[in-house]
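S.K.: heads up, no residue letters with this:
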DNA sequence: TCTGGGGTCCTAGGACCC
DNA sequence: TCTGGGGTCCTAGGACCC
């Protein structure tokens, strides 16, 4: 009744970023609660069906594989907080991590299991807030703006509800940041990990965002950060203090201008609920570097396997593509790519293998290879393409 | 004994077309 | 003896993210 006299105030844009806490490791701890509190890392090869782990969930702690026993070229995917205390972190080479904390328990990744939990926590969110953007297995953005209760306490009430619902359904915890946009929300979700909620308003820019290192901005990576440092810029505040024109001068028109916007906390990107894949790929790092001539047979077999897996992926997901490419990493870590666009979209393993083989012929192969990858891009759904292998003669046709 | 695998987007030059 | 200007597609490399 009072609505006419007191019109609803305009809604403030409230965007949440939700990040699952040590996701892979937390999923493993649900299965192996006996490992709780111990340094645990996930990484290395894929879990094998015949491993002792796959058969015994009540395995005594003493019988779990240890990081110190690992031999290979894998990296850490996730480390629990007790493991992080030893300096072990994600993306670190396993051999290096093994030196830091040999006694840590090591579990190989089990993507199928993580995907199950990923689907479960995302479904839980969607029951509460329908505008959700997928950012990988363990992260999402959520638009709180028009969700009932999404404005209360700046989003804290809804964030609490989502945390509680996810925990009840999966037993997993997450951290949430709520802010006026995705850029700030992403930073805010890190403020109080694990299990925290951080609410950031526009007015908090100077006090809570500007003191952070520039590297914390999603989109400023190691290279850009190094260049900023060389220019005497360490924090986001220092970045914000620079003229836009100066940043454009040093980083180019698009990137420089974007950096300036980011430093001032401005970001109007919407939460995108659906997207189509652009490319699919398969790649593998060999156990040892392979030589194009001496290891020809092994290389060829791996190459064919990658093409077959990729073709399966495409078919399973219902896509065809027409730009086929390869990626090589040499023993000196240099990466080379070659690709070729064919006339007709395909998801056929032999066609992919054949075209990728042509690409491979264009690369000089003096150095030994560390990695081989195959990629299919320019994806489309088979039903949506009108293309012919060769022009059709329409002479004499009425239509 | 360094450094995985699966992605996206951007840039930049050349080809080719109108 | 000069020499357009878009627009799109293709290819290679690189930065960045999860």
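M.R.: Arrived safely, thanks for sending. Small disclaimer: the values here were computed from a predicted structure and weren't measured.

S.K.: Up against DNA strand B, what does the stretch 201-350 of chain A have?
M.R.: Counting by Cβ under 7 Å from any atom of the strand, the stretch 201-350 of chain A comes close to DNA strand B at A:252-255, A:277-285, A:313, A:333. To be clear about C-beta, it is placed using only N, CA and C from the backbone, and glycine gets the same treatment.

S.K.: among these, which ones are buried?
M.R.: Among those, the ones that count as buried by 16 or more other Cβ atoms under 10 Å are A:280, A:282.

S.K.: among the residues of the stretch 201-350 of chain A next to DNA strand B, which are in helices?
M.R.: Among those, the ones falling in helices (DSSP state H) are A:253-255, A:313.

S.K.: Let me know the closest of those to DNA strand B.
M.R.: Checking these against DNA strand B with Cβ to the nearest atom of the strand, the nearest one is residue A:254 at 3.4 Å.

S.K.: Could you check how far that closest one is from DNA strand C?
M.R.: 11 Å (Cβ to the nearest atom of the strand, to the nearest Å).

S.K.: Quick check: pLDDT value at residue A:3.
M.R.: In the predicted model, residue A:3 carries a pLDDT score of 51.

S.K.: Columns distance to residue A:234 on top of the ones in helices among the residues of the stretch 201-350 of chain A next to DNA strand B, output as a markdown table?
M.R.: Shown next, in a markdown table, are those (distance: Cβ to Cβ, whole Å):
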| residue | distance to residue A:234 |
| --- | --- |
| A:253 | 24 |
| A:254 | 23 |
| A:255 | 18 |
| A:313 | 42 |
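
S.K.: Output those as JSON lines; include the columns pLDDT.
M.R.: Output for these, formatted as JSON lines (pLDDT from 0 to 100):
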{"residue": "A:253", "pLDDT": "87"}
{"residue": "A:254", "pLDDT": "90"}
{"residue": "A:255", "pLDDT": "93"}
{"residue": "A:313", "pLDDT": "98"}
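
S.K.: and residue A:375, what helix or strand is that in?
M.R.: Here residue A:375 sits within strand A:369-377, counting by DSSP states H and E.

S.K.: list the helices and strands that strand packs on?
M.R.: strand A:279-290, helix A:296-317, strand A:321-330, strand A:335-346, helix A:349-361 (3 or more Cβ pairs under 8 Å, 6 or more residues apart in numbering; DSSP states H and E).

S.K.: can you list contacts of the fourth one?
M.R.: Residues outside strand A:335-346 that contact it (Cβ atoms under 8 Å, 6 or more residues apart in numbering) are A:320-330, A:351-352, A:355, A:358-360, A:362-363, A:375-378, A:380, A:382, A:385, A:387-389.

S.K.: circling back to that earlier point, please see if the strand holding residue A:375 touches DNA strand B.
M.R.: Yes: Strand A:369-377 lies within reach of DNA strand B by Cβ under 7 Å from any atom of the strand, at A:370-371, A:373.

S.K.: so what strands line up beside that strand?
M.R.: Sheet neighbours of strand A:369-377, with direction, are listed as strand A:279-290 (antiparallel), strand A:321-330 (antiparallel) (DSSP bridges).

S.K.: Could you list the buried residues of stretch A:39-46?
M.R.: Neighbour count says stretch A:39-46 has A:39-44 buried, by 16+ other Cβ under 10 Å.

S.K.: any residue of that stretch up close to DNA strand B?
M.R.: No: using Cβ under 7 Å from any atom of the strand, stretch A:39-46 stays clear of DNA strand B, coming no nearer than 7.8 Å.

S.K.: Show me the shaky parts of the stretch 251-399 of chain A.
M.R.: In the predicted model of the stretch 251-399 of chain A, residues A:387-399 satisfy pLDDT under 70.
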